[in-house]
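[1] The sequence and its predicted three-dimensional model are supplied below.
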Amino acid sequence: MKRDANLWMLCVLIIVLFGFGGVVSGGTYLSLFNLQSMAMQVPEIGLLAIGVMLAMCAGNGGIDLSGIANANLSGVASGIFTLSLIDASQDPLLFTIIFVIGCMVIGLLGGILNGIVISRFGITPILGTLGTQMIFTGVAVVLSDGRSVTVGITDSLYSIGNGLIFGIPSSFILFVVIGFVLGVVLKYTPYGMRLMLTGANPKAAAYSGFPSGKIIVTTYALSGLLAGIAGVIIAARNINVKWDYGTSYLLIAILIAIMAGVRPEGGYGRVSTVILSAVVLQLLSSLLNFIGLSNFVRDLAWGALLLCFLAVGRFNLINQILASIASMRSPRATE
Amino acid sequence: MKNKNNMLNKSVKAALFTAVMGVNLAGNSVFAAEDKTITTVVKISGIPWFDRMETGVDLYAKQHPEMNISQVGPATADAAQQMQIIQDLIAKGTDALAVVPMDPTILEALLKRAIARGTIVVTHEADNQVNTMVDVEAFDNTEYGTALNERLADCMGGQGKWTTFVGSLGSRTHLQWVGAGEKNAMKYPKMQLVDPNNESFDDANGTYQKAKEILRKHPDIKGFQTSAGNDVLGVGRAIEEAGLTGKVCLVGTGLPNPSAAYLDSGAITAIGFWDPQKAGMAMNEVARILLEGGQIEDGMNLGVDGYEKVSVRPGAGAGKLLIGNGMVLVDKETYKEHLF
């Protein structure tokens, strides 16, 4: 009950934002086109946020700062590799498949590197992933000479980023499906249980004989894989990939995770809440653009939101309010 | 800014009004403005260059009160942030977008979708943008380079050693400028180019070091032609410290406010630039013409200083490339007219 405070608050926020946006924009905000447009923007940052969540759950100050750099590197490296191998106009489907697999493999390798740096060399995650972030960015710059790489010329790749299935952007469906699978893995597999327990109490986990090194490498590898998929979506949406794309995503991904009630000290986080949290942030961001507010207000709004959600988590506000409402309704129950 | 606030106030009031009265939502729309909306999206907001552009957009908004004209931009220099703003503006139903792309390649797919949806798209500083209807450039790069060099040759009396600086060897426009300069200098057989195309990386301090080296290596050097915005500051400092003010000529791209001290002292002979204020107005004017179904034609007058007789060519894609004569070249005497 206590942990669901964030989920509850996010649901309320979604309704409020839809209502307010609809009224302020005279309905345009709720138009199908805008809903699709907003849904199209969520997946890339949402996947990175899930990666941050996984790293946080692993505990011991876990965090993944290398997400967007890894995503960019995946897109750039896989793009260059695939372009040199296959003529996209000759065989678009094969091109897309190889590009997608390439992105995922590179993302995964990047994640494994993170895991090894953290578990084998015992480097604090914030420093370790900061280092790998710079390495990933650097490699992407060197590979591409600092220029953007044009990949998304084929129809099949373009449709991953921009296509619609039953009116819903395919990238959003992909995002939700990935989130669902991960949620199931975390909840029902031994790995998921061990990850949360290790995060909650590393010492107890070690004495229980959990293979903590393996768990950490797996977790960061998953985070890297998600970054690789984010790289695919970025490439599919934009036709071009570049090393410096989305530098602002790093902090936003962390914000989304915190808003979702993921415990920064480890041991708790739910994928479904992270997805909702990413949706809330997108709704708010688009709403600010609709109103035409200065983009500096947006930074202020993010900061206020972050503090607000931290306060909710810290003081258990929602439950207190619920309890006080309940006690007002039936005064005898509490006596 | 005022315009924006008004709009915000209006929309908030309208929201409260509708919420309180509970009247039909669709009936009381603020965004279905009486007339069309033109939004200028810049690379980054809050820096002097784009603040200057905003003064132009605001001025244009004042001249055209019947339209809804404003400028927005991301708070951080990130192509992804600019992309989100543009995507939301398209969804909002903005009639025309005037974009200064942070990275033209990243925006291609999005602008393509915008055009497909019927949004008017005008760009600036992106002559390689494929998906745009009209790309507005302040001047022809070759003419600009020639003009800078002509000013330099004039100061040097058509003789002596000279050199050039570029931001980086990957910077296409900078190489076009110095290339045109070299070509122009061939008119003066006594001008001798030494160690050309020094890379400055737009870093005033690095440029200062490099300029000092060049002054030591060629004590008889007479001229510098520079390209990136901060180059004149670095080279100007090196010239001033070497006590060569007035003896060595320096002409390059720069902005009036930062260069003022060196222009006054004479370390910088002249600076060239284009005024973002005028470019902002020109972009909006082009957008307005396109909104009214007009055509952009060679030789037309946009009614903005420096864009009275524009030349129009085929662009990188299906769109057009519009080139103004918005080049400004100022020295000690004249820079005060353009303080920004």
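    Done, it's in.
[2] okay, CA-based contacts and neighbour counts for the rest of this
    OK.
[3] what pLDDT does the residue of the stretch 1-150 of chain A found nearest chain B get?
    Across the stretch 1-150 of chain A, no residue is closer to chain B than A:G26, which sits at 4.2 Å (Cα to the nearest Cα). Residue-level confidence at A:G26 comes out at 83, pLDDT.
[4] Any idea how many residues pack against it?
    24 (other Cα atoms under 10 Å in any protein chain shown).
[5] Also B:D135?
    Around B:D135 sit 32 other residues, with neighbours defined as other Cα under 10 Å.
[6] ok so it is a helix residue?
    No. Applying DSSP: H, G, I helix; E, B strand; the rest coil, one finds B:D135 to be strand, outside a helix.
[7] partners of it in the sheet?
    According to DSSP bridges, the partner residues bridging B:D135 are B:T123, B:L321.
[8] any idea how far the residue of the stretch 1-150 of chain A closest to chain B lies from A:S294?
    Here A:G26 is placed at a distance of 21 Å from A:S294 (Cα to Cα, to the nearest Å).
[9] Output the lowest mean pLDDT helix or strand found in chain B.
    The element with the least model confidence among the helices and strands of chain B, by mean pLDDT, DSSP states H and E, is helix B:2-21, at a mean of 46.
[10] What strands line up against the helix or strand immediately after that helix in the chain, and which way round?
    Sequence order places strand B:37-41 as the next helix or strand after helix B:2-21, per DSSP states H and E. Here the strand partners of strand B:37-41, with direction, are listed using DSSP bridges: strand B:68-72 (parallel), strand B:96-99 (parallel).
[11] Now strand B:37-41: buried residues?
    Applying a neighbour-count criterion of 16 or more other Cα atoms under 10 Å in any protein chain shown, one finds B:T37, B:I38, B:T39, B:T40, B:V41 buried in strand B:37-41.
[12] From what I see, the last one and B:V100 are in contact.
    What it means is B:V41. Yes. Taking Cα atoms under 8 Å as the contact criterion, B:V41 and B:V100 are neighbours in contact, 6.2 Å apart.
[13] can you confirm B:W162 is in a strand?
    Yes. B:W162 forms part of a strand when assessed by three-state DSSP.
[14] Could you give the number of residues near it?
    Per other Cα under 10 Å, the neighbour tally for B:W162 reads 26.
[15] so what's it bridging to?
    B:L193, B:G223.
[16] Can you give me the pLDDT of it?
    Reading off the per-residue confidence, B:W162 sits at a pLDDT of 96.
[17] For it, which residues are in contact?
    The contact partners of B:W162, taken as Cα atoms under 8 Å, 6 or more residues apart in numbering or on different chains, are B:M191, B:Q192, B:L193, B:V194, B:I221, B:K222, B:G223, B:F224, B:Q225.
[18] redo that, cut-off 7 Å
    Under the criterion of Cα atoms under 7 Å, 6 or more residues apart in numbering or on different chains, the contact partners of B:W162 comprise B:Q192, B:L193, B:V194, B:I221, B:K222, B:G223, B:F224.
[19] do the same with A:G111
    A:Y220, A:A221, A:L222, A:S223, A:G224, A:L225.
[20] gap between the second one and chain B?
    Summarising the geometry, the distance separating A:A221 from chain B, computed by Cα to the nearest Cα, to the nearest Å, is 25 Å.
[21] re the thing from before, closest one to B:P74 out of the contacts of B:W162, please.
    Closest to B:P74 out of the contacts of B:W162 is B:F224 (35.7 Å), distances taken as Cα to Cα.
[22] Tell me which stretches of the stretch 201-340 of chain B form helices.
    Listed in chain order, the helices found in the stretch 201-340 of chain B under DSSP state H, counting those that start in this stretch are B:204-217, B:231-241, B:256-265, B:276-291.
[23] on that earlier part again, would you reformat the contacts of B:W162 as a markdown table and include neighbour count?
    Formatted as a markdown table, the entries for the contacts of B:W162 read as follows, by neighbours: other Cα atoms under 10 Å in any protein chain shown:
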| residue | neighbour count |
| --- | --- |
| B:Q192 | 18 |
| B:L193 | 17 |
| B:V194 | 13 |
| B:I221 | 20 |
| B:K222 | 25 |
| B:G223 | 26 |
| B:F224 | 25 |
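[24] Identify the farthest-apart pair in the residues you listed.
    So for those, where distance means Cα to Cα, the most widely separated pair is B:Q192 and B:F224, at 11.6 Å.
[25] Quick one: residues contacting A:G79.
    Residues touching A:G79, when contacts are defined by Cα under 7 Å, 6+ apart, comprise A:F99, A:V149, A:V151.
[26] Scan these and report the most crowded one.
    Neighbour tally across the contacts of A:G79 (other Cα under 10 Å): the maximum, 27 neighbours, falls on A:F99.
[27] Quick check: the nearest residue to B:P276 once chain neighbours are set aside vs chain A, distance?
    Using Cα to Cα, 6 or more residues apart in numbering or on different chains and skipping residues adjacent in sequence, the residue nearest B:P276 is B:M53, 4.7 Å away. B:M53 sits 15 Å away from chain A, taking Cα to the nearest Cα as the criterion.
[28] what's the burial count for B:E241?
    B:E241: 12 surrounding residues under other Cα under 10 Å.
[29] ugh, wrong one, A:T198
    Counted with other Cα under 10 Å, A:T198 comes out at 26.
[30] Distance check, it against chain B.
    According to Cα to the nearest Cα, A:T198 and chain B sit 36 Å apart.
[31] who's in contact with whichever residue of the stretch 201-340 of chain B sits closest to chain A?
    Nearest to chain A in the stretch 201-340 of chain B, going by Cα to the nearest Cα, is B:F201, at a distance of 14.1 Å. Residues in contact with B:F201 (Cα under 7 Å, 6+ apart) are B:G167, B:S168.
[32] pLDDT score for it?
    According to the per-residue confidence, B:F201 scores 80 in pLDDT.
[33] what are the ranges of the strands in the stretch 101-250 of chain A?
    Per DSSP state E, counting those that start in this stretch, the stretch 101-250 of chain A has strands spanning A:149-150, A:164-165, A:168-169, A:240-241. These are given in chain order.
[34] Looking at those, which one is packed in the most?
    The highest average neighbour count among the strands of the stretch 101-250 of chain A, using mean count of other Cα atoms under 10 Å in any protein chain shown, belongs to strand A:240-241 at a mean of 28.
[35] can you tell me which residues contact the most centrally placed residue in chain B?
    Relative to the mean C-alpha position of chain B, the nearest C-alpha, by Cα atoms, centre = their mean, is the one of B:P276, at 5.1 Å. Under the criterion of Cα under 7 Å, 6+ apart, the contact partners of B:P276 comprise B:W49, B:R52, B:M53.
[36] now do 10 Å
    With contact taken as Cα atoms under 10 Å, 6 or more residues apart in numbering or on different chains, B:P276 is in contact with B:48-57, B:124, B:138, B:282, B:326, B:340.
[37] which of the residues in whichever strand or helix holds A:L300 are buried?
    A:L300 belongs to helix A:295-315 when assigned by DSSP H and E. Residues A:N295, A:R298, A:W302, A:L305, A:L306, A:F309, A:L310, A:V312, A:G313 are the ones in helix A:295-315 that count as buried (16+ other Cα under 10 Å).
[38] any chance of those in a markdown table, with pLDDT and distance to chain B too?
    A markdown table is the format used below for the buried residues of helix A:295-315 (pLDDT from 0 to 100; distance: Cα to the nearest Cα, whole Å):
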| residue | pLDDT | distance to chain B |
| --- | --- | --- |
| A:N295 | 78 | 5 |
| A:R298 | 82 | 8 |
| A:W302 | 84 | 13 |
| A:L305 | 84 | 18 |
| A:L306 | 83 | 18 |
| A:F309 | 81 | 23 |
| A:L310 | 79 | 24 |
| A:V312 | 75 | 27 |
| A:G313 | 70 | 29 |
